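Undergrad: Quick one, structure for this:
(one chain, ligands or ions: 1)
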Amino acid sequence: MVQHLSTKREGPTVLITANIHGDECTGLGVVIRLLNQLSAQLYCGDIWLFPSLNPQGLQRSMRVFPADGQDLNRVFPGEKKGRASQKHIYAIAGMITKIQPDLVLDLHTDSGSAIPYVLLDRAVQSKNKKLERSLLGFARASHLTPVWEYPLRAYLRFGLDKTLSGFVLNQLGVPSLTLEVGPRRRMDIASIAIMKEAVFGILARQGMLNIAFVPNHQPIAGVWTRTNGPLSKTGGVVFPSCEPGTILEKGMEIAVLYSVTGVELERFVAPERVLILAFPDQGWLQAHRSCATLAKEVHQEA
Ligand SMILES: [Zn+2]
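TA: Reported below is the predicted structural model:
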């Protein structure tokens, strides 16, 4: 389940996890690439790699844990004698805690119609606020667009402190990032290259590589925070009005909802100035779902 690359030279311990959502395999592809390439390029420190935290989900192309249908990335730190998903996460949380990493990168994907971005967690306790602010430096080094999670109240309401990265930041007091790159359900080599480069950028910032790091990918300027998109009143065919990565001013059109016979049902517009992070993977949008994943700009750096 876990691989260890050690240089025997003093340096940071970085832990990289992937595929906790079984249908998100870009991160698994990145870990396979890292296992093949990194040992020759690692100068100091230790890297621990978890290629798949949900192998059964991977085999079935399922986001959740097949044994009980739970989202593994909402049950940290798990329970020793809970349901299957809680026991599974309890074991993983124990392994992460034992390794005592200095930094954790959890690799995810959003949708097939998304920009590459990096999510920054919220510190639940005020003693961890400085740690929260430190995340931006790591995120910048990834050259992905940095996006803060929802503000604290919504962060807790959505159970995001029970994600792997939320657990690492808030329970272990260790910086952690969630990288979101590529489509679900397939190995997209362009996305794997972008995400691998993002990992290399972060390792280079830590002084862990013996090669010069030259980024190819450039982030969208600014610092952003997740915000809710307009919800559909009814189900329908969602037709995006722009590409992901577009910045829309307030009132500009995000998407249009049609019936299956092509009749316009709803028009979704930007509630304020927003960046489109992703459109849904499916052509059909269920009722009361967001027509897009959005972020709004934050003017302070945290
Ligand atoms: Zn995911």
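
Undergrad: And the pLDDT for the residue nearest to P101 when sequence neighbours are not counted?
TA: Distances taken as C-beta to C-beta, 6 or more residues apart in numbering place L15 nearest to P101, at 3.9 Å, with adjacent residues excluded. From N, CA and C alone the C-beta is placed, and that goes for glycine too. Among the per-residue scores, L15 holds a pLDDT of 98.

Undergrad: Just the CA trace of the one helix or strand L15 maps to, in CSV.
TA: Here L15, judged by DSSP states H and E, is contained in strand 13-18. Extracted in CSV, the C-alpha atoms of strand 13-18 (Å, rounded to 0.1, in the frame of the first residue of the first chain):
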residue,chain,number,x,y,z
THR,A,13,9.7,14.1,4.9
VAL,A,14,7.0,14.5,2.3
LEU,A,15,4.0,12.2,2.1
ILE,A,16,2.0,12.0,-1.1
THR,A,17,-1.4,10.2,-1.2
ALA,A,18,-3.6,9.5,-4.2
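
Undergrad: Pop out the phi and psi values for A93.
TA: Dihedral pair for A93: phi -60, psi -40, per degrees, to the nearest 10.

Undergrad: Just list the residues touching it, thanks.
TA: Contact analysis of A93 by C-beta atoms under 8 Å, 6 or more residues apart in numbering lists F76, P77, G78, F167.

Undergrad: again, only using 10 Å
TA: V75, F76, P77, G78, E79, L164, F167, V168, Q171, L172 (C-beta atoms under 10 Å, 6 or more residues apart in numbering).

Undergrad: will you turn those into JSON lines that also has neighbour count, distance to the ion and pLDDT?
TA: Shown next, in JSON lines, are the contacts of A93 (neighbours: other C-beta atoms under 10 Å; distance: C-beta to the ion, whole Å; pLDDT from 0 to 100):
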{"residue": "V75", "neighbour count": "25", "distance to the ion": "14", "pLDDT": "98"}
{"residue": "F76", "neighbour count": "24", "distance to the ion": "14", "pLDDT": "98"}
{"residue": "P77", "neighbour count": "18", "distance to the ion": "18", "pLDDT": "98"}
{"residue": "G78", "neighbour count": "20", "distance to the ion": "17", "pLDDT": "98"}
{"residue": "E79", "neighbour count": "13", "distance to the ion": "22", "pLDDT": "98"}
{"residue": "L164", "neighbour count": "28", "distance to the ion": "10", "pLDDT": "98"}
{"residue": "F167", "neighbour count": "26", "distance to the ion": "15", "pLDDT": "98"}
{"residue": "V168", "neighbour count": "27", "distance to the ion": "15", "pLDDT": "98"}
{"residue": "Q171", "neighbour count": "17", "distance to the ion": "20", "pLDDT": "97"}
{"residue": "L172", "neighbour count": "16", "distance to the ion": "20", "pLDDT": "98"}
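
Undergrad: which bits of the chain sit near the ion?
TA: Taking C-beta under 5 Å from the ion as the criterion, the chain approaches the ion at residues H21, E24, H108.

Undergrad: what's the strand holding L15 packed up against?
TA: With contacts taken as 3 or more C-beta pairs under 10 Å, 6 or more residues apart in numbering; DSSP states H and E, strand 13-18 sits against strand 3-6, helix 26-41, strand 46-50, helix 84-99, strand 103-108, helix 164-167, strand 176-180, helix 189-205.
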